[in-house]
Every structure is written in structure tokens, then in C-alpha cells.
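[1] Have a look at this prediction, sequence included:
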Amino acid sequence: MADDSNSGRPTAAQGGTTGAPVSDDDLQDLVASSDTGGRSPTGIPLYVILWTAALWSLFQIWIASPLPFVVAEVTGLPVVLNNTESRAIHLGFAVFLAFLAYPAMKRSPRAHIPAQDWVLALVGAFCSSYLFWFYDSISLRPANPNTMDLVVACIGMAILLEATRRALGPPLTVIASLFLIYTFFGQYMPDLIAHKGVSLAGVVNHQWITTEGVFGVALGVSTDFVFLFVLFGALLDKAGAGNYFIKVAFSLLGHYRGGPAKAAVVASAMTGLISGSSIANVVTTGTFTIPMMKRVGFSPEKAGAVEVASSVNGQIMPPVMGAAAFLMVEYVGITYFEVVKHAFVPALISYIALVYIVHLEAMKADMKGLPRASAPTPLMKFLIMTAFGIAVVCGLALATYYGLGWIKTLFGDAAGWVIAGLLSVVYIGIVRFCSIYPDLELDDPNAPIVSLPKVGPTVKSGIHFILPVIVLIWCLMVERLSPGLSAFWATAFMIFIVLTQRPLFAVFRGRSELGSMVTLGTTELGEGLVAGARNMIGIGIATATAGVIVGSVSQTGVGLVLAELVEILSFGNILLILLWTAILSLILGMGLPTTANYIVVSALLAPVIVQLGQDAGLIVPLIAVHLFVFYFGIMADVTPPVGLASFAAAAVSGGDPIKTGFVAFFYSLRTAALPFLFIFNTDLLLINVGWVGGIVVFIVATAAMLIFAAATQGFFLARNRAYETVLLLLIAFTLFRPGFWMDMVSPPTQDVSPTQIMEVADRMQPGETLRIRVDGVDAVGDLRSFVALLPLGEGATGEERLQAAGLELLIDGDQVLVDNAVFDSPAEAAGLEFDQVIVTVSEPVDQLPKELMYIPALLVLGLIIVMQRGRQRRQPAAAVA
């Protein structure tokens, strides 16, 4: 296919116009201005920024490693920092670099750093690290700040807000300022949200001196976990993994219909492992993929939209999830392994659906794939090779698992050194194998395409890049190490690879430039350390400023009245509550980075949804709510008018940024639909689902999402008619939530009088959950009606089972009261308290399997397939389009 007219240098859209040339330097400046800072000074200021960034990375590696404990034990020096001290230094680095790297205004100088910015950087760094310098004296006067504390906190808060404005824009600064104003002047607020107000000393102590505000959980997660994952990604990218992932994706998928777009989706998914930024992901992969997509027939807007949708999706993909995974560990109170387990299926389904959307777009336009580099592999040979590959991987995994167990038993404390040695041997062997194949060069995306890269040599040339990723996932998922320690070992191994890969390649290829390769490896390590730190400036600032909002919520108690406000706006309807939450997440996300958006919305609304859902009779797991707000937070990078990722893609494609954003949002409807589905069907999050059930859920949910994509795209086997689109949506909904229809046909419970609670408990088995509706009062004394789920304890009779669960009842005629809920019992955990009135008891009844609803759904799907196949035979896809 001939090149289209815009296939020269990438172009940008400004103010709705298209075609303005944008250089590669301009694209990198776009990333820098939003992620790493737009300043590019020279001379001493440049070296200050670079060395400070590198020192920050080394500090984070130091505190994550076991080395401080070893040094402290050997020398007796106080080198082990507690959490508060580490967070203070972490924020000090972030604030210092923010004022050096980010100009104050668009017209501020970028080639040098003004004197006032040096002053702000130094003062801000001191105020931010104040808890480190004076930790001992502050700990001797808890909740009693002195004059110096007040002055440092006030100056530090003002400088932090200014750093936030520079690095992240005005929205987060404004929101945090409003919450501070609310904290001080609560007595002047409307009655619904009024409080008595807090003194300056109280705010300073809560927000700056303790770990309830700025130095709270969010900044702690940034310090302990996020930095090392970002640094790991930066080092992996500097080593060449980004180009490797792109080439592998193109070699595998480029020959299919719309192949470059499918390759862009897969490449962005893999690049998501090494990039925590949607914008950087768009520019990194999009510079190569978007011109390719345009060549095979995608319009500039559609090409940009595919890249945006796939790049933003990288933030919902475990194991990193744009840093939200580690925040969820702290906020939800579950292990990292559980967070990954719950988030995995929706993220994978979303990516599969995006590949299918690209396929439908290619079908509608009758696109062709790019020419293959070699003849296609016969199907049977391909299947045999795939099965053999899976068997080899499984065998290696089992051998590694049991081999490591044997090594730990045999070598005891020295096992770590033995494992490190064996890993090094494996790495050297893989590099020796990879050295047979030529290095993957960076291609010019605007050059004519002769053929795709060959699959075998492309994949085999960089297998060693996968090794540190395996180490990371193994430590997280198999060894169950903490995220911080797992990231440390993966980063340490990555540093070893960056330093040694080029010298090893030179040795194995018999080249003489060993010295220059050692120098190049050292340079790439330095660049990786700097890039990792600069990528963290915005995240460190965002988590600290979001802590101001969280601290205000906890100090003022506004969260207690927010439920009432949301209930008034939603009329107590759980679906309206979710819609309001989704809208608020989108609005906040238009001005906040994903991490800050998640912190704010989850702090404000996650408990509200859980409580109001319980009041409405829907028990919503906390992890489902947190994933819900997180999904809609990341959608803001797509959504006009502020979707920065859409503007970045338009700068590459030459398309209109607003139109690109709308098309990307349309492609992302599957991501917007998933949160509503897993709120009502928690099987998608693998909650209380075994391995076999999980596989079934994945298969059915994937099919449902593909059908949903076909409905929203208006194309299945042929262009949909209006009624077919409606039927496809109903089929998708039925596959996602068959219980909705089955509950109408065959209800799972029947309501009985509360006086029969003993008989109902007697007919149930120990361990089963008794569902009861209760009337009582909430924390502020208002009447509240909610559904309590009470797991029955052991016992021969219903009364014994209720008592074993900690519930004691008082039956007075037709009225049943809670006489006591034993402390720390299942009854207390279910929300039961003294003097509550039990209104109804829901007794489980035999229900038909909800999966029976799949039968009519699949029959209707079969009918649609028959009708569309008939039209497809009569009318080719190109004519239909």
C-alpha cells in the first residue's frame, strides 16, 4: 500500500489544526514537560540536576537493600532509617529537583535556572526533610509543635503546593488548598459539612509533623515501592528492552489485518512493564507504530487513538499498575499477591478486546497486513512448536521451584549467594546464545517497509531482557517477598545486566572494543539512574500533596457526612452512586496524575460506596471499589479536553487531538464497562473462585467482552443492524452477569419473619452466611437500615451457631433485637450492635444454576452469526464498510 501524504516526519495538531511539523526533539520535550521537567540547562546547573537525580536513585536502592542492617551490625553506625525519616528524605529530593527541572511559567527560562528557583529548591528540600534532621527532638514533644515547627511547616506547605503546580499543573494544587481552607474554617461551612475548625498548631501537627498527612501512607508507598519499580523500568529501557519489545510485537503480528495496530497494542502492553507514564508510552512506541498504522490505512485520529488506548491500558496491567497496586495493598489491607490476582483478569480481557477492536477496524476497511519476512509456518508445525514451548517453560518453572527449595535446604544462609551465582551463569549462557544474532537497530518509522523482521532472530536477539522481569515476578508471586525487596533484587540484577551485557556481547562476538563497551555500559547505567529519578519527581510530589487531602479528611471527619451527601444525590440507588463516582473520578483525573487521583477518590468515596451498597443490600468488596475508582481515574488521560496522552498521540500522527481523544475514549468503552461489571459480579476479580472456576470465568468474560466490542464498533462479521447491536449488548451482559436474569426466574433467597431466625440458622450449615436486614443508627446517630452478612459458627442447633458467631438476641413478641455482639466476633465484624432491630431474615433456597442463562444467549448469538454470514457472502467487507 502506498504511503499516505502525512507519512513524513510526525506532525502535531495545535488548536484543532493538523499537519504542523513536530521534530523528535519536540516530542521528547512534550514528555519532559509533563514527566521529567522541561528545563535543559547547561554547565554546572545541569550537573547538579544529574548528580542529584543519580544520588536519589542510589539512596533509594540503599534503603531498600539489606545493606544498612549489615553495616549497622558491623560498625554500629545509625544508618538504618525508619519510615518517617526515609519519607522525609524522599520528599526532599523530589521538591529540590522539581524547582530545578520545572520552570515556573511557560515563558520562564529553560536554558538556565533563576536564582529564586535555587532558593526555593534549597529551602523546600530543608523543610521537606525537616523530620529527618530533627526527628529525635520532635519525638520528645508529640502533638506539641514549637515555633520552629510551625514556621517550617507553613513554609514547607507553601513550597510543596508551588512544586505541585509546576510539576503537575494547577488542579491538584487548588484541590489541596481548598481542603486546607476547609480544615481551618470548617465552622463557616454549610451545616451539612460544617465542623468546629482546627487551629494552626493542630493542622501543622497533623499534616507535617506526624504521618497522617503529607508524610502519610501515600508518600510511604512512593518511597518504599514505587521508586524502585520506576527505576527498574528506566534501566530496562536504557538497556534496549523498549526497542526489543516493539520489534518482537511487529515480527509476530505485523502480517495480520491491521497488523501494525495489533502490534502497537502488544508492544504498549510490554512497554507498560518499563514505563509508568501513559504519555511516555505513547511517544516511545507511538513514534514507530503510528506511522506504520497510517500506512496500512488507519486515519491519523484512529492510529493515534489505538496507541492512546493501548498505552493508557498499561497502567491497569499487573504487576505495577501505575503504582496503584502498592497503594491498594496499604488502603485495602490485603497482600500484593491478592491485588495482582484480583486485577489480572479484567486487565487481560481489556487488552484482548482492544486487539479485537483493531481487527474489526481492519475488517471494516478491508486492510491488509504487512509483507512477511519469510514463508508462514504450517499450522500443525506451529501448534506442535507452541505446545513444546509451553511444556519446556512449565518444566523449567517446576525445576526452578524445586531446585531452589533444595538449594535453600542444603546451603542454608549461603543459599542466596549460590542462587546469585547460578543466575549469573544462566544470564551469561543466554547472552552467549543471543550474541549469535545481530543487534536490533532502531528503525526509521517513515522509511519504506520492505518486509517485517524475522520472528526467530528478533525474539532470540534479546531473550536476556526477559530474565530480570522473571526475577521480579518470581520474587513477588512465588517467593512472596515484599514489593520493595522484590524490586530491589530485580533492580540489582538489572544494574548487573546494564554493566555487563555490552562487554559480554563484544567478547562472544570476538570484537576488540571491550573498553569502549564497558564505558558505554557505565554511561547507560548513569543515564538509567538519572531517568528513573526524574520520572519520579511528579509521583513523589503528587503522593505528598494527595496526603494533604487525605489528612484533611481524617482530621475534619468530612468522610462521615460525605455518605449522606452522596446518598442524597443518588437517592440511595447503588447504580447512581457508581455513576457519580465514575464522573467524579473522570473530572478529578483530568487535572490529577493517576496516582493522586486514585488516592483522593478512594479516600473520599470508596468507604461511601461500601456503606451505601450494604444499605442497598449489595455487599461490595473493598478491592472492587478501589479498582473501580482507579479504572476511571486512568480514563482521564484519554478523555477530552485534557487527555494529555491524546495530545501526545496527535503530535505524532498529525491528527486532531480532540477527535483523537474522542475516538480513543470510544475504543476505551470496554475499560469503562468493566468496573461496573465486576462491582456486580465479583467472579471477574477471582474473589472466592478456584483455579478451574477462574479459567471458566476468564473464557466466558473474554467472549462477553469481544461481543461487547463488536456491538460498540457496529461490526461483527458484517456491519451490524441496529437490532443486532442491541442483541449483542444483551448477550454480552448475560454472559457477564447471568445471575441478574436467573435471580428473576429463580430467586436465591426468600424473606421470612425475623422470629424464625433460629429455625433458618438450624436449617443452614456451619460456615454458611446468614443474610439479615437490620435497622439501627450510624456513627452520628442517624437512622440506618442495612444488610448484614453473618457467617454461622459451629453448633448442633441454630441458636448455638448464632452464639458461636457472637450474636445474642432478645425476642420480644414479633420484634427481634440484638442483645449483644461479642467483641471481635463475626457478628461485630458484620456491623451488628446492641439494640439494633432485625427486620427480615433471608433464607437460602435452591436456585437453578445461573449458567443456564448462557443457553438462550448463545442461541441468539448463533442466529446473529447466521444472518451476518449470509450478508457477508453477498457483500464483501470493503463494500459493507
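    That came through, no problem.
[2] Kindly report the domain assignment for this protein.
    The chain breaks down by automatic domain parsing into domains covering 20-167, 557-637, 751-844.
[3] With mean pLDDT, mean neighbour count and distance to residue 298 as added columns, please give the ones you listed in TSV.
    All C-beta spots, glycine's among them, are computed from the backbone N, C-alpha and C. Below are the domains of the chain laid out as TSV (pLDDT from 0 to 100; neighbours: other C-beta atoms under 10 Å; distance: least, C-beta to C-beta, whole Å):
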stretch	mean pLDDT	mean neighbour count	distance to residue 298
domain 20-167	86	18	19
domain 557-637	76	21	20
domain 751-844	85	17	50
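[4] Serialize those domains to a markdown table and add fields for distance to residue 188.
    Shown next, in a markdown table, are these (distance: least, C-beta to C-beta, whole Å):
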| stretch | distance to residue 188 |
| --- | --- |
| domain 20-167 | 21 |
| domain 557-637 | 14 |
| domain 751-844 | 20 |
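[5] looking at those domains, which is closest to residue 336?
    Set against residue 336 and scored by C-beta to C-beta, these come closest in domain 557-637, at 12.1 Å.
[6] how far does that closest one stretch from start to finish?
    Start-to-end span of domain 557-637 (C-alpha to C-alpha, to the nearest Å) is 31 Å.
[7] Select the longest helix from this protein.
    helix 514-556 (DSSP state H).
[8] between the domains of the chain, which gets nearest to residue 192?
    Closest of those to residue 192 is domain 557-637, at 6.1 Å (criterion: C-beta to C-beta).
[9] hmm, back to that, so for the longest helix of the chain, mean pLDDT?
    Regarding helix 514-556, the rounded mean pLDDT is 89.
[10] what about that helix, distance to the chain center?
    17 Å (C-alpha atoms, centre = their mean, to the nearest Å).
[11] Output the contacting helices and strands for it.
    helix 44-64, helix 83-101, helix 147-168, helix 170-184, helix 217-221, helix 227-238, helix 483-508, helix 594-615 (3 or more C-beta pairs under 8 Å, 6 or more residues apart in numbering; DSSP states H and E).
[12] Mind putting those into TSV with distance to residue 360?
    Listed next are those as TSV, based on distance: least, C-beta to C-beta, whole Å:
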stretch	distance to residue 360
helix 44-64	44
helix 83-101	43
helix 147-168	37
helix 170-184	36
helix 217-221	39
helix 227-238	32
helix 483-508	37
helix 594-615	28
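[13] can you tell which of these is closest to residue 712?
    Of the helices and strands packed on helix 514-556, nearest to residue 712 by C-beta to C-beta is helix 594-615, at 24.0 Å.
[14] how far off helix 147-168 does that closest one point, in degrees?
    Note on geometry: by axes from the mean of the first three to the mean of the last three C-alpha atoms, to 10 degrees, helix 594-615 and helix 147-168 are set 100 degrees apart in direction.
[15] Quick check: which helices or strands does the helix or strand following helix 594-615 pack against?
    Using DSSP states H and E, the helix or strand that directly follows helix 594-615 along the chain is helix 622-634. Counting contacts by 3+ C-beta pairs under 8 Å, 6+ apart, helix 622-634 is packed against helix 324-332, helix 336-365, helix 574-589, helix 594-615, helix 669-680.
[16] Give me the distance between helix 622-634 and the centre of its chain.
    9 Å.
[17] neighbours around residue 748, how many?
    Per other C-beta atoms under 10 Å, the neighbour tally for residue 748 reads 15.
[18] right, and it touches residue 847 too?
    Yes. Residue 748 is within contact range of residue 847, at 4.6 Å (criterion: C-beta atoms under 8 Å).
[19] ok, now how distant is the closest residue to residue 256 other than its chain neighbours from residue 354?
    Leaving aside its chain neighbours, residue 256 sits nearest to residue 369 (4.9 Å; criterion: C-beta to C-beta, 6 or more residues apart in numbering). Distance, residue 369 to residue 354, using C-beta to C-beta, to the nearest Å: 18 Å.
[20] Among the two, which residue is more densely surrounded?
    Shown here are residue 369 and residue 354; by other C-beta under 10 Å, residue 354 has more neighbours (27 against 17).
[21] The more buried one: what's it in contact with?
    265, 306, 309, 310, 313, 667, 670 (C-beta atoms under 8 Å, 6 or more residues apart in numbering).
[22] circling back to that earlier point, and the helices and strands packed on helix 622-634: which comes nearest residue 541?
    Between these, helix 594-615 lies closest to residue 541; by C-beta to C-beta that is 8.9 Å.
[23] what packs against that closest one?
    Against helix 594-615 (3+ C-beta pairs under 8 Å, 6+ apart) you get helix 324-332, helix 514-556, helix 558-570, helix 574-589, helix 622-634, strand 783-791.
[24] Would you convert these into CSV that also reports distance to residue 101?
    Shown next, in CSV, are the helices and strands packed on helix 594-615 (distance: least, C-beta to C-beta, whole Å):
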stretch, distance to residue 101
helix 324-332, 24
helix 514-556, 6
helix 558-570, 34
helix 574-589, 24
helix 622-634, 24
strand 783-791, 50
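[25] Figure out which of the ones you listed is closest to residue 296.
    helix 622-634 (28.0 Å).
[26] Just the endpoints, please. Distance across stretch 291-303?
    Note: stretch 291-303 ends 8 Å apart using C-alpha to C-alpha.
[27] Of all the helices and strands packed on helix 594-615, which one is nearest residue 193?
    Among the helices and strands packed on helix 594-615, helix 558-570 sits nearest to residue 193 (C-beta to C-beta), with 5.7 Å.
[28] any idea how far residue 420 is from the residue nearest to residue 62 when sequence neighbours are not counted?
    Nearest residue to residue 62, sequence neighbours excluded (C-beta to C-beta, 6+ apart): residue 68, at 6.6 Å. Applying C-beta to C-beta, the value for residue 68 to residue 420 is 19 Å.
[29] swap in residue 873?
    Distance of residue 873 to residue 420, computed by C-beta to C-beta: 62 Å.
[30] the more surrounded of those two?
    More crowded of residue 873 and residue 420, by other C-beta under 10 Å: residue 420, with 14 against 9.
[31] so the more buried one is in which element?
    Of the helices and strands defined by DSSP H and E, residue 420 is found in helix 415-434.
[32] Counting by contacts, list what that helix packs against.
    Applying 3+ C-beta pairs under 8 Å, 6+ apart, we find helix 415-434 packed against helix 379-411, helix 466-473, helix 483-508.
[33] pull the CA atoms of that helix into PDB?
    Provided in PDB are the C-alpha atoms of helix 415-434 (Å, rounded to 0.1, in the frame of the first residue of the first chain):
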ATOM      1  CA  ALA A 415      21.800 -20.100  49.600                       C
ATOM      2  CA  GLY A 416      21.400 -16.500  48.400                       C
ATOM      3  CA  TRP A 417      25.000 -16.400  47.100                       C
ATOM      4  CA  VAL A 418      24.600 -19.800  45.400                       C
ATOM      5  CA  ILE A 419      21.400 -18.700  43.700                       C
ATOM      6  CA  ALA A 420      23.000 -15.400  42.600                       C
ATOM      7  CA  GLY A 421      25.900 -17.400  41.100                       C
ATOM      8  CA  LEU A 422      23.600 -19.800  39.300                       C
ATOM      9  CA  LEU A 423      21.500 -16.900  37.900                       C
ATOM     10  CA  SER A 424      24.700 -15.200  36.700                       C
ATOM     11  CA  VAL A 425      25.700 -18.400  34.900                       C
ATOM     12  CA  VAL A 426      22.200 -18.600  33.300                       C
ATOM     13  CA  TYR A 427      22.400 -15.000  32.200                       C
ATOM     14  CA  ILE A 428      25.800 -15.400  30.600                       C
ATOM     15  CA  GLY A 429      24.700 -18.500  28.800                       C
ATOM     16  CA  ILE A 430      21.600 -16.700  27.400                       C
ATOM     17  CA  VAL A 431      23.800 -13.700  26.300                       C
ATOM     18  CA  ARG A 432      26.100 -16.200  24.600                       C
ATOM     19  CA  PHE A 433      23.100 -17.600  22.700                       C
ATOM     20  CA  CYS A 434      21.700 -14.100  21.900                       C
END
